[in-house]
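Asker: Sequence and predicted structure, then a few things I'm wondering about:
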Amino acid sequence: MASISTFVKSVRQIMWNDSGVNGDAQRIEQLTWMLFLKVYSEKEKEWKFEDPSWTSIIPEECQWQNWAHDDFSGKAITGDKLLDFVNNTLFPTLRKLEITNDTPVKKSIVKTTFEDANNYMKDGVLLRQILNIIDGIDFGDYEQSHAFGEIYESILLELQSAGSSGEFYTPRAITEFMAEVVDPKVGEKMADFACGTGGFLTSWIHQLEKKVKSTADREELGTSIYGIEKKQFPYMLCITNMLLHGVDVPQIYHDNSLTKNVLDYTEEDKFDVILMNPPYGGKEKADVKNHFPKDIASSDTADLFMAVIMYRLKKNGRAAVVLPDGFLFGSSDKAKVALKKKLLNEFNLHTIIRLPGSVFAPYTSIATNLLFFDNTGPTKETWFYRMDMPKGRKAFNKTNPIALKDLNPVKEWWNDRRVIEDEKKSDDSATTYKAKNYSAEEIVDHNYNLDLCGFPQEEKVILSPEETIKNFIEKRESLEKEIDAKLEELKQLLEMK
């Protein structure tokens, strides 16, 4: 158990001494492909025990126990020989595994996991040291396996400060809260079309586990989730995460959810529940917009994902989505207005919760909101609730992130909805609200502007020079995207003339 408690620290210290690994993002990526192979080898032992006819898709020389395991007899490969094996045998072999339509998912995930993975390490002796640390974890032991599940969560948490990789991590308190209030039911199918490291998928499983009453119910757990992830690194993290959570056949696909025509989706492509935090501020190829009806073909990735969600939510299905402030405002953006019009006319947008701006700190200061809606008919009214910082707290940060307990006031209000007025600053000031419901007609009168709840109360925080520069760059990029969108609209108008 000692190796578990010091795992992250030990691995980081070793990698710091390797000239080939640069930054936390590469360190985590380097660690992940090794963890995947270790976890997969343990899973194969289980599968072999359950089915004696099981055969591994991994050639014998590339199986963990035949190259990574060290019995300390002095025979384990290390140094240049180990590097040569990893770079010129292991990776090429796993990338070229033969996969057909009949290949079981739990075999094909090996190839998809390694298609774009990289070995950054240049020191074979240091690589051997890390392999030995990983090999020392007994995933067959329940306590160690459970403890490492928590360690893996801490690894994912570090993505928040690992450069651009932070976009793949949603604070666990948020995913758990959203999964809880969506109220999973055994037999339902849930999807995340930009699943990143699998935070929403695991939170769904956690909530659903509470309702398992039979062996048949338990078998539903692993088959109840569906995920798509465009980028290789988070996809690899997600697959490993699912295996650690006992999902032997993870229905996670390395693909881009925005490259299929939304009008082609059939009933079989739809889900009972959709939970996700769509990428926002990203850039897609210009032809991606061709997969959407012209009126909602936005240049914003978050908008496009919202369209996908609406087209893939079953009748009577439920959705909970994290969206930036830009979606709530957007009264001058035709695509955004069209999307919100579709949302209110065809779906029941019953709740919007505005989060404090520091929820995703230190990765981004962009203000976000939680939208909850279902496919039961058009919106009649929408409740708005503003989550303020807990008393005595200035802001959330890396060392003191948002915790599930911080959402307790939101849960209490969720179960007992009522209008909550802010305290007036003076007798002459207008009444403002922390929570209030608005009719669909009132929202339409506001030109589908969903900014009907004030900004969360946060005290000013003095940022470091690095954070100040990062915030400036984010805001500049956001402004540049808005300008590009306006120029594109102007260009189209000129072309029409």
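Answerer: In hand now; what should we look at? Predicted model only: the values in this text are computed from it and were never measured. Residues are numbered from 1 along each chain as shown.

Asker: Remind me which helix or strand the nearest residue to residue 382 once chain neighbours are set aside belongs to.
Answerer: In space, and not counting its chain neighbours, residue 382 is closest to residue 349: 5.2 Å by CB to CB, 6 or more residues apart in numbering. Quick note: C-beta positions are derived from backbone N, CA and C, even for glycine. Per DSSP states H and E, residue 349 falls inside strand 348-354.

Asker: And for that strand, what's in contact with it?
Answerer: 328, 343, 367, 369-387, 410, 414, 450, 453, 455-456 (CB atoms under 8 Å, 6 or more residues apart in numbering).

Asker: try it again with 7 Å
Answerer: With contact meaning CB atoms under 7 Å, 6 or more residues apart in numbering, strand 348-354 is reached by 343, 369-374, 376-379, 382-387, 410, 450, 453, 456.

Asker: Tell me which other helices or strands whatever helix or strand comes next after it touches.
Answerer: Per DSSP H and E, the first helix or strand lying C-terminal to strand 348-354 is strand 368-374. Using 3 or more CB pairs under 7 Å, 6 or more residues apart in numbering; DSSP states H and E, the elements in contact with strand 368-374 are strand 313-324, strand 348-354.

Asker: rewinding a little: mind listing which of the contacts of strand 348-354 are in helices?
Answerer: 343, 410 (DSSP state H).

Asker: If any of the contacts of strand 348-354 are buried, put those into a PyMOL selection.
Answerer: To isolate the buried subset of the contacts of strand 348-354 in PyMOL, counting by 16 or more other CB atoms under 10 Å, use the following:
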select buried, resi 343+369+370+371+372+373+374+379+382+383+384+385+386+387+410+450+453+456
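
Asker: coming back round to it: would you mind giving the helices and strands packed on strand 368-374 as JSON lines with mean pLDDT added?
Answerer: Compiled in JSON lines, the helices and strands packed on strand 368-374 are given as follows (pLDDT from 0 to 100):
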{"stretch": "strand 313-324", "mean pLDDT": "96"}
{"stretch": "strand 348-354", "mean pLDDT": "97"}
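
Asker: For the ones you listed, give me JSON lines that also has distance to residue 445 and mean neighbour count.
Answerer: JSON lines is the format used below for the helices and strands packed on strand 368-374 (distance: least, CB to CB, whole Å; neighbours: other CB atoms under 10 Å):
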{"stretch": "strand 313-324", "distance to residue 445": "22", "mean neighbour count": "20"}
{"stretch": "strand 348-354", "distance to residue 445": "16", "mean neighbour count": "21"}
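
Asker: Nearest to residue 433 among these would be which one?
Answerer: Of all those, strand 348-354 sits nearest to residue 433, with 11.4 Å by CB to CB.

Asker: could I get the closest one in PDB with only the CA atoms?
Answerer: Listed in PDB are the C-alpha atoms of strand 348-354, where the atom choice follows Å, rounded to 0.1, in the frame of the first residue of the first chain:
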ATOM      1  CA  ASN A 348     -38.400  21.700 -21.900                       C
ATOM      2  CA  LEU A 349     -35.500  23.800 -20.600                       C
ATOM      3  CA  HIS A 350     -36.600  23.700 -17.000                       C
ATOM      4  CA  THR A 351     -33.400  24.900 -15.100                       C
ATOM      5  CA  ILE A 352     -30.300  27.000 -15.600                       C
ATOM      6  CA  ILE A 353     -27.700  27.200 -12.800                       C
ATOM      7  CA  ARG A 354     -25.000  29.800 -13.100                       C
END
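
Asker: tell me the domain boundaries of the chain?
Answerer: 2-142, 157-422+431-457, 462-497 (automatic domain parsing).

Asker: can you tell me which of those domains the model trusts least?
Answerer: Among the domains of the chain, domain 462-497 carries the lowest mean pLDDT, at a mean of 64.
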